Structures are given as structure tokens and as C-alpha cells.
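Asks: sequence plus predicted model, see below.
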Amino acid sequence: MRHDLERPTIGVFAKAAGVSVETIRFYQRKGLLSEPPKPYGTIRRYGNADVARLKFIKAAQALGFSLDEIAQLLRLDDGTHCLEAAELAARRLADVRARLTNLRRMERVLSGLVKACHTRRGHVSCPLIEALH
């Protein structure tokens, strides 16, 4: 019985992971986390494997993987699918690089417009607003 009390409930599990209980339940509905068994007359308890899996999910999200991609990575997590995982990561990397290119372009345009706003003279239209028209 003591061993069971050391395993966290969903509330403790969620708080320790920095997510809400609803997030845990959402991940369970999406098939990313399993729902532990509920012994008769007690409450569900989460174990070390659940904690490790949630850490995996959060780390993958931090790298920009979608929940569907994370589900794919979890299915590949048997040590024999490194090439498939690398292909998934390569697609994510290409997306990140495309976003960076777009962000750099946006930075150049906005930087020029902010500079134009600060250097304008007289009663001319705002360069930023004019550019957006």
C-alpha cells in the first residue's frame, strides 16, 4: 500500500510537469499518454514511465513538433527506427529554416519602416501606415 501512495495522482503529476490536469486528459484522449488503471475503490496513480513520456512530449513540443508528429515519434521509440525519426526531424528543420527566412525578411522590412517613421519631416503620411495601404 505504501508503494501506491508514492505514485502521484493526476493533480500532483500535472503540477510537477507544469501542465494542467486538462492537458493530461487531452494527451490521453490523443493517445499520447495512457490512462493508468483505477483499482476498485481507489484513484488512478501515475508512474515513472508516465513522467518520462510526458517529459518526452514536452521536449518534442519545445522543438516545434506537432502533437501528430510527437505521436509518430512515440511509435518509433523502440530503437530501430532512427532513419524514420530523422526524416521527421529533417522536415521540422526545413520548416524552422523557412520560418527563419521569413522572420529575417519581416525584420528588414519593419526595421526600414520604423527608421523611415523616425526620420520623416513635415506633414507627410506615416511611412509605416502608407506601406500597409
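Replies: Ah, there it is. Residues are numbered from 1 along each chain as shown.

Asks: C-alpha only now, for contacts and for neighbours.
Replies: Will do.

Asks: number of nearby residues for R53?
Replies: Neighbours of R53 under the rule other C-alpha atoms under 10 Å: 15.

Asks: so which helix or strand takes in V51?
Replies: helix 48-62 (DSSP states H and E).

Asks: oops, could you answer that again for L128 instead?
Replies: helix 127-132.

Asks: tell me how far that helix is from the chain's mean position?
Replies: 35 Å (C-alpha atoms, centre = their mean, to the nearest Å).

Asks: contacts for it next, please.
Replies: With contact meaning C-alpha atoms under 8 Å, 6 or more residues apart in numbering, helix 127-132 is reached by 113-114, 116-117, 120.

Asks: now stretch 25-33: mean pLDDT?
Replies: Averaged across stretch 25-33, pLDDT comes to 95.

Asks: with stretch 48-55 instead?
Replies: So the average pLDDT for stretch 48-55 ends up being 90.

Asks: send me that stretch as PDB with only the CA atoms.
Replies: Extracted C-alpha coordinates of stretch 48-55, given in PDB (Å, rounded to 0.1, in the frame of the first residue of the first chain):
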ATOM      1  CA  ASN A  48       7.900   6.800 -13.700                       C
ATOM      2  CA  ALA A  49       7.100   5.700 -17.200                       C
ATOM      3  CA  ASP A  50       4.300   8.300 -17.400                       C
ATOM      4  CA  VAL A  51       6.600  11.000 -16.100                       C
ATOM      5  CA  ALA A  52       9.300  10.100 -18.700                       C
ATOM      6  CA  ARG A  53       6.700  10.000 -21.500                       C
ATOM      7  CA  LEU A  54       5.300  13.500 -20.600                       C
ATOM      8  CA  LYS A  55       8.900  14.800 -20.500                       C
END
